[in-house]
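> please work out how this folds:
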Amino acid sequence: MNRFGLLRKLIEGKELTFNEANTLEKTPPNSNFPFKYIIVEKLKEQGANAEIYLTKSKNPRIAKLGYEKTLLNGYKIQREFKKRGVKVANPRGMFRVYNPNLKRFFTAFVMEYAKGENLSKIELENPEFEIVQKKLEKEIKKMKKLGYKSYYARSKYLDESFFGLKLENILYDKATGRITLLDFDFDKLDTKKLYTNENGGNNR
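The predicted model follows:
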């Protein structure tokens, strides 16, 4: 299959074989993660070691690129949060996504695209902020039970939350009233508690 056909497969969200991936990038990394998705739009940089992209597909996804170990840990944690009912962006898995500009595959944690405006854009005095804050407090309580040691706060002087949840990673969809949490400071999480089920067994 030619390059155009392979790019079309990625746009459609179909997985490539190693040999097909090799056509797009000479000697791509021999990874356990599937070659899938094509990234098209950089949404933002996140810290010193992560970038967020939007994938081009029928159902757009968010692809977080960075250090593989960190991404894999984040994926596992977000998957557990999702299982336990925390309103996080639905994690789809770990993939090798293709950057057509650089003609390279990169490891990415891919999650479902969530609609909404990030909380940093909603003014403190806006009545909607109070609505979102109450919803957020419910999610924080769930997360604390799962071992999250962080808490959310906002002051008139600092336009972000403290210890783990930044406002830009909290989306609010005005049409549905839904909030979605996109990212966390996982250093503030007791993973032993998260991965232990109610009977005390290991749930990894």
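> domains for the protein, by residue range?
The record's domain parsing of the chain by automatic domain parsing lists 3-75+89-112, 117-194.
> lowest-confidence stretch among these?
By mean pLDDT, the lowest-scoring of the domains of the chain turns out to be domain 117-194, with a mean of 73.
> end to end, how far does it reach?
The first and last residues of domain 117-194 sit 29 Å apart, counting by Cα to Cα, to the nearest Å.
> give me the buried positions along whichever strand in the chain runs longest.
In terms of residue count, the longest strand belonging to the chain (DSSP state E) is strand 35-46. Buried residues in strand 35-46, counting neighbours by 16 or more other Cβ atoms under 10 Å, are found at 35-40, 46. Just so you know, the C-beta spots here come from the backbone N, C-alpha and C atoms, and that holds for glycine as well.
> so whatever helix or strand comes next after that strand versus strand 35-46, what angle?
For strand 35-46, the succeeding helix or strand toward the C-terminus, using DSSP states H and E, is strand 50-55. In terms of direction (axes from the mean of the first three to the mean of the last three Cα atoms, to 10 degrees), strand 50-55 departs from strand 35-46 by 130 degrees.
> how far is strand 50-55 from where the chain is centred?
If you compare the mean C-alpha spot of strand 50-55 with that of the full chain, they lie 9 Å apart, counting by Cα atoms, centre = their mean, to the nearest Å.
> helix or strand right after that strand?
Following strand 50-55 toward the C-terminus (DSSP H and E): strand 61-66.
> parallel or antiparallel, list what pairs with that following strand.
Strand 61-66 pairs in its sheet with strand 50-55 (antiparallel), strand 104-112 (antiparallel), by DSSP bridges.
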